[in-house]
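1. Based on what follows, work out the 3D shape:
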Amino acid sequence: MLIRTFGSAVHGVNAYTITIEVNVTPGTRYYLVGLPDNAIKESEQRIESALKQHGYRMPRQKVVVNMAPADIRKEGSAYDLPIALGILAASDQMLGDKLKDYLIMGELSLDGTLRPIKGVLPIAIQARKEGFKGFILPAENAKEAAIVNKLDVLGVENIRQAIDFFDNKADIPPLKIDTREIFQNTVNQYQADFADVQGQENIKRALEIAAAGGHNVIMIGPPGAGKTMLAKRLPSILPPLTMQEALETTKIHSVAGKLGVAASLLSTRPYRSPHHTISDVALVGGGGIPQPGEISLAHNGVLFMDELPEFKRTVLEVMRQPLEERRVTISRAKLTIDFPSNFMLIASMNPCPCGYYNHPEKDCVCGPGMVQRYLNKVSGPLLDRIDLHVEVTPVTFDQMTETRRSESSAEIRERVVIARQIQEERFKDFPEIHSNAMMPSQMVKDICQINAGGKALLKTAMERLGLSARAYDRILKVSRTIADLANSPEIRIEHLAEAIQYRSLDREGWAG
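-> Just a heads-up that it's a prediction; the model follows:
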């Protein structure tokens with residue numbers, strides 16, 4: 001008897017449906033075809049044990065399981081449940097009338113319980129798109145899938161519950177959650193707040209500008225100056241995630257298996273901080289089964305790279321293209337996958353190997369040329385993609401003991417949101433551009449126009465401070481953001497002057 005069940009495979013951050021055909025006929029042996037990987041081939045033992053635990057049997061006949069389309073490789077153990085149910089229906093141990101209406105996924109334990117799987121959200125989205133009535137999956141993943149409306153999400157603890165449902169012996173109530181209510185109740189709930197930071201007003205101002213324009217930042221300062229503490233608080237002043245951004249971000253974390261048990265929709269901007277020993281594949285994504293890397297997990301959020309010169313040179317260089325294109329392409333012989341990677345890069349570094357170059361109180365003990373060699377570990381093309389260079393100085397005792405509470409993240413975020421709204425109106429005819437940092441060079445000339453006084457100031461700055469040519473566009477973009485924060489339609493001289501000071505590493509002789 002021929003029975004069809006339906007599963008799904010994840011390709012990048014999208015899913016496509018897999019038809020599982022099971023045919024039980026007189027004969028012997030078990031055949032699994034359709035390019036399955038080893039995890040799927042091993043499903044026979046898991047399925048046989050699970051069925052036996054619940055009083056069912058593996059047919060002692062010829063069993064052929066075909067996974068179509070047969071020319072695409074299938075991977076993972078999540079096909080255990082649809083294969084098992086197909087075998088039961090094909091061997092007349094279970095009714096198969098309702099199987100065509102449901103997409104089914106789940107990994108079986110030897111006792112028949114279901115283990116959670118990865119990539120549930122894109123699978124649920126595809127199931128709704130293809131008109132399935134419902135999605136049967138492990139109970140631990142049900143909350144994640146229930147984000148998708150107009151789809152019955154049926155979470156099951158074990159294979160017996162699924163069998164009883166298809167035999168009309170038991171009913172499984174669909175899980176319903178109010179996605180928008182959850183989103184509204186948890187949006188902007190960050191544990192870290194700028195109100196906890198004493199002093200460092202100039203750094204807070206720089207991070208506010210970065211958040212308002214989507215600019216990348218690098219902070220240079222001695223150990224203990226507060227670089228990491230400030231970076232952790234940057235997501236809390238970014239504009240709240242939109243529902244579309246939240247779904248995009250959740251899909252990526254779902255595919256990577258990073259959502260956790262009983263998680264649903266991500267409502268806060270992600271913050272990723274990889275260790276400096278990370279490999280280039282772990283950073284940008286890839287592997288035998290292409291998975292999203294740290295830059296994609298930071299999509300719509302912040303990627304913090306602490307001690308930037310300590311990262312391997314190859315790791316830093318592979319970031320250059322994703323920083324420009326806002327996506328990373330993983331190419332293999334038979335497939336090409338795009339992962340989105342629209343993130344804000346915030347990096348920190350010491351000014352020299354000992355960490356005390358330009359320190360107001362401690363002396364630098366680095367030898368001649370060591371400071372410049374240390375800074376040269378970060379390439380010019382990468383620095384070219386970082387708009388703001390900020391020098392961080394240690395907090396004084398008086399600042400640390402000050403009782404006056406600092407400005408909160410919510411107050412700063414209000415100004416950032418207003419500036420972003422101005423940019424949304426400015427770029428409404430350019431759907432690929434959402435912030436000042438994303439402007440191409442030709443657009444900078446039209447939007448970031450300055451008067452004669454501003455041109456004279458910029459010329460003087462470039463000549464006297466030895467600013468490089470690559471700093472020109474960056475200064476104009478940052479000054480445009482500063483003007484937006486001031487609700488100014490034109491870029492004034494004071495906006496330009498503030499932007500110029502955020503190009504520390506472009507100054508000739510900065511490191512002596």
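2. Strands of the stretch 101-250 of the chain, start to end?
-> Ranges of strands in the stretch 101-250 of the chain, per DSSP state E, counting those that start in this stretch, are 102-104, 107-108, 114-115, 134-138, 152-156, 217-220.
3. Name every strand pairing with the third one and say which way it goes.
-> Paired neighbours of strand 114-115 in the sheet (DSSP bridges): strand 107-108 (antiparallel).
4. re the thing from before, make TSV from the strands of the stretch 101-250 of the chain and add mean pLDDT and distance to Ile500 to it.
-> C-beta coordinates here come from the backbone N, C-alpha and C atoms, glycine included. Shown next, in TSV, are those (pLDDT from 0 to 100; distance: least, Cβ to Cβ, whole Å):
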stretch	mean pLDDT	distance to Ile500
strand 102-104	97	57
strand 107-108	96	57
strand 114-115	96	57
strand 134-138	96	55
strand 152-156	95	55
strand 217-220	93	16
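5. Pipe those strands into TSV and attach distance to Gly55 per row.
-> Converted to TSV, those look like this (distance: least, Cβ to Cβ, whole Å):
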stretch	distance to Gly55
strand 102-104	20
strand 107-108	15
strand 114-115	18
strand 134-138	20
strand 152-156	17
strand 217-220	62
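6. Of all those, which one is nearest Ile47?
-> Judged by Cβ to Cβ, the one of the strands of the stretch 101-250 of the chain that comes nearest to Ile47 is strand 107-108, at 6.3 Å.
7. Thr356: how many residues sit nearby?
-> In this structure residue 356 is Tyr, not Thr. Number of residues near Tyr356 (other Cβ atoms under 10 Å) recorded here: 18.
8. Can you verify my assumption that it contacts Val365?
-> Yes - the criterion here is Cβ atoms under 8 Å, and Tyr356 meets it with Val365 at 7.4 Å.
9. Counting by contacts, list what the helix or strand where Leu32 lies packs against.
-> Secondary structure assignment for Leu32, by DSSP states H and E: strand 30-33. Applying 3 or more Cβ pairs under 8 Å, 6 or more residues apart in numbering; DSSP states H and E, we find strand 30-33 packed against helix 43-53, strand 62-68.
10. just how off-centre is the first one within its chain?
-> What that stands for is helix 43-53. 37 Å (Cα atoms, centre = their mean, to the nearest Å).
11. Let me know the average pLDDT across it.
-> The average of the pLDDT scores along helix 43-53 is 94.
12. Not counting it itself, show me its contacts.
-> With Cβ atoms under 8 Å, 6 or more residues apart in numbering as the contact definition, helix 43-53 has outside contacts at 30, 32, 57-58, 77, 79-80, 83-84, 87-88, 107-112, 159.
13. For the helix or strand following the strand holding Leu32, list every residue counted as buried.
-> Reading on from strand 30-33 to the C-terminus, the next helix or strand found by DSSP H and E is helix 38-41. Along helix 38-41, these residues count as buried under the neighbour rule (16 or more other Cβ atoms under 10 Å): 39-40.
14. on that earlier part again, so which of the helices and strands packed on strand 30-33 gets nearest Glu181?
-> Judging these by Cβ to Cβ, what sits closest to Glu181 is helix 43-53, at 37.1 Å.
15. Touching stretch 6-18 from outside, list them.
-> Contact with stretch 6-18 is made by 19-20, 67-69, 72, 74-75, 78-79, 82, 99-100, 102-105, 118-119, 122-123, 125-127, 130, 132, 251-252, 255, 290, 292, 335, 337-340, as judged by Cβ under 8 Å, 6+ apart.
16. In it, which residues are buried?
-> 6-10, 12-15, 17-18.
17. which among those gets closest to Ser408?
-> Proximity of those to Ser408 was ranked by Cβ to Cβ; the top entry is Val13 with 34.5 Å.
18. if we can go back for a sec, with mean neighbour count added, can I get the strands of the stretch 101-250 of the chain in TSV?
-> Converted to TSV, these look like this (neighbours: other Cβ atoms under 10 Å):
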stretch	mean neighbour count
strand 102-104	26
strand 107-108	23
strand 114-115	20
strand 134-138	26
strand 152-156	22
strand 217-220	24
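19. Distance from the biggest helix by length in the chain to the middle of the chain?
-> If you go by DSSP state H, the chain has its longest helix at helix 409-426. Here helix 409-426 is found 22 Å from its chain centre; the criterion is Cα atoms, centre = their mean.
20. average pLDDT across that helix?
-> On average, helix 409-426 scores 94.
21. before we move on, what about stretch 308-324?
-> 90.
22. contact partners of that stretch?
-> 216, 218, 276, 278-280, 283-284, 295, 305, 328, 341, 345, 347-350, 374-375, 377-379, 381-382, 385.
23. Lowest-scoring secondary structure element of this protein by mean pLDDT?
-> helix 397-400 (a mean of 66; mean pLDDT, DSSP states H and E).
24. pLDDT value on Tyr190, please?
-> 84.
25. Quick check, it in contact with Pro270.
-> No - at 11.5 Å, Tyr190 does not count as touching Pro270 under the criterion of Cβ under 8 Å.
26. Those two - which one has more neighbours?
-> Shown here are Tyr190 and Pro270; by other Cβ under 10 Å, Pro270 has more neighbours (22 against 19).
27. Pro290 versus that one, what's the distance?
-> Separation of Pro270 from Pro290 (Cβ to Cβ, to the nearest Å) stands at 20 Å.
28. try Leu485
-> Distance from Leu485 to Pro290, by Cβ to Cβ: 40 Å.
29. Over to Met319?
-> According to Cβ to Cβ, Met319 and Pro290 sit 18 Å apart.
30. repeat for Pro59
-> 36 Å.
31. so where's the longest strand in the protein?
-> Across the chain, the longest stretch assigned as strand under DSSP state E is strand 14-25.
32. any weak-confidence spans in the protein?
-> Per-residue confidence for the chain (pLDDT under 70) gives these ranges: 261-263, 397-401, 403, 469-470, 506-512.
33. any idea how it splits into domains?
-> 2-166, 185-406 (automatic domain parsing).
34. In CSV, could you pull the C-alpha coordinates for stretch 216-234?
-> Extracted C-alpha coordinates of stretch 216-234, given in CSV (Å, rounded to 0.1, in the frame of the first residue of the first chain):
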residue,chain,number,x,y,z
ASN,A,216,29.8,51.2,12.7
VAL,A,217,32.0,52.2,15.6
ILE,A,218,35.5,51.4,16.9
MET,A,219,36.5,52.4,20.5
ILE,A,220,40.2,52.8,21.4
GLY,A,221,41.2,53.0,25.0
PRO,A,222,43.1,51.4,27.9
PRO,A,223,41.9,48.4,29.8
GLY,A,224,39.1,49.0,32.3
ALA,A,225,37.9,52.2,30.6
GLY,A,226,34.4,50.8,30.0
LYS,A,227,34.5,49.8,26.3
THR,A,228,32.7,46.5,26.8
MET,A,229,30.2,47.9,29.2
LEU,A,230,29.2,50.6,26.8
ALA,A,231,29.0,48.2,23.8
LYS,A,232,26.6,45.9,25.7
ARG,A,233,24.2,48.9,26.1
LEU,A,234,24.2,49.9,22.5
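35. Which of the residues in that stretch are classified as buried?
-> With burial defined by 16+ other Cβ under 10 Å, the residues of stretch 216-234 counted as buried are 216-222, 225-227, 230-234.
36. now for those residues, which pair is the farthest apart?
-> The widest separation within these (Cβ to Cβ) is 21.9 Å, between Asn216 and Pro222.
37. Between Tyr190 and Pro270, which contacts overlap?
-> The contact sets of Tyr190 and Pro270 overlap at Pro235 (Cβ under 8 Å, 6+ apart).
38. State the distance from Leu35 to Ala68.
-> Taking Cβ to Cβ, one finds Leu35 at 10 Å from Ala68.
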